[in-house]
Each structure stands twice: as structure tokens, then as C-alpha cells.
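Below are the sequence and a predicted model for it; my questions follow.
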Amino acid sequence: MDATRWFHDFGWPQVQKLAEHMEKYTLPAGFALFDEGEQEPYLGIILAGRVRIDKGGEDGQRREICQLGPGKAFGEISLIDGQPRSARVATLEPSEILVLTRNGLDRMADQAPKLAVLLLLKLGNLISGRLRATSGRLIDF
């Protein structure tokens, strides 16, 4: 886990504790992690590989929102609010993904509350940064 930039705000003991609450998956290219409307709240952190995030339009066509590579996270909103997925995420190439489920986050909050707060603050900053970027793009639209 220390190979990814996503954890640079955490000390090594915190990274080890985070690892106790996460699962690592090795996925082939073209694997759909989730689709729009699905209800599985989890956060994914890319260790290796690349994912595409896309969304269906009113015309039925899928439009790419972005591509993410190592050190990037996805699924943070559903992890926090428990609402259905707002987009689809699929691997573009063989990938290694760390997953934190809502149950894992709840266990972390019980067992290591300070770490859970640090993680939630990091996710809040991630969401805030994405919202600011989206607002900037919308104003130009």
C-alpha cells in the first residue's frame, strides 16, 4: 500500500491500520467494478492500472467523465452517503484496486476513530476538489 500516493498523508502505522480494513483485488481489463444505479457503497483506490468512469446520457450514449490511474480514488461519494452509484467504473487494463467497504469504514470508526476521521477528512478534501473543478468547467460551458 505504501506504493501509492493516495496514502502520503498517513504515517506508516496508520497505513498498516488502514490495510486491516481494506481488501486488494487484481482485475482484468474490461472488468466493470460497478454500474450506475448499483447500491454497493465502497471506495476504490487504484494501486496499478487504469479505470474509466463514464455516465449514460439522455440519448442513451455513454460519455466518459474521466480516466484515473495509480494513486487515484473513486466511489467516495457512495461510501459516504450510501446512495446508488452515479456513474459506471470499469478497468481499461489489468489493475490492482484496494477496496474499503462501508462495513470496513464502520469497523474502522469503532476500532480506530481518529484514523477514520483522518480518512473522512481526506475524502472530504477529494470531493471538495472535484466539486470545485466541476464548477469551473460548468461556468465555461
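Looks like it came in fine.

mind listing the strands in the protein by residue range?
Along the chain, the segments classed as strands by DSSP state E run 23-27, 32-34, 42-48, 51-56, 62-68, 73-74, 88-91, 95-101.

Quick one: list the elements packing against the longest helix along the chain.
Ranked by residue count under DSSP state H, the longest helix found in the chain is helix 113-140. If you count contacts as 3 or more Cβ pairs under 8 Å, 6 or more residues apart in numbering; DSSP states H and E, helix 113-140 packs onto helix 12-19, helix 76-81, helix 102-111. C-beta here means a position set from N, CA and C on the backbone, and glycine is covered the same way.

and that helix, what's its mean pLDDT?
For helix 113-140, mean pLDDT rounds to 81.

Tell me the buried residues in that helix?
The neighbour-count check on helix 113-140 (16 or more other Cβ atoms under 10 Å) flags 115-116, 118-120, 122-123, 126 as buried.

Okay, now the unreliable bits of the chain?
Counting by pLDDT under 70, the chain contains low-confidence ranges at 1-4, 134-138, 140-141.

Comparing the helices and strands packed on helix 113-140, which comes out most buried?
For the helices and strands packed on helix 113-140, the largest average neighbour count (mean count of other Cβ atoms under 10 Å) is found in helix 76-81, namely a mean of 18.
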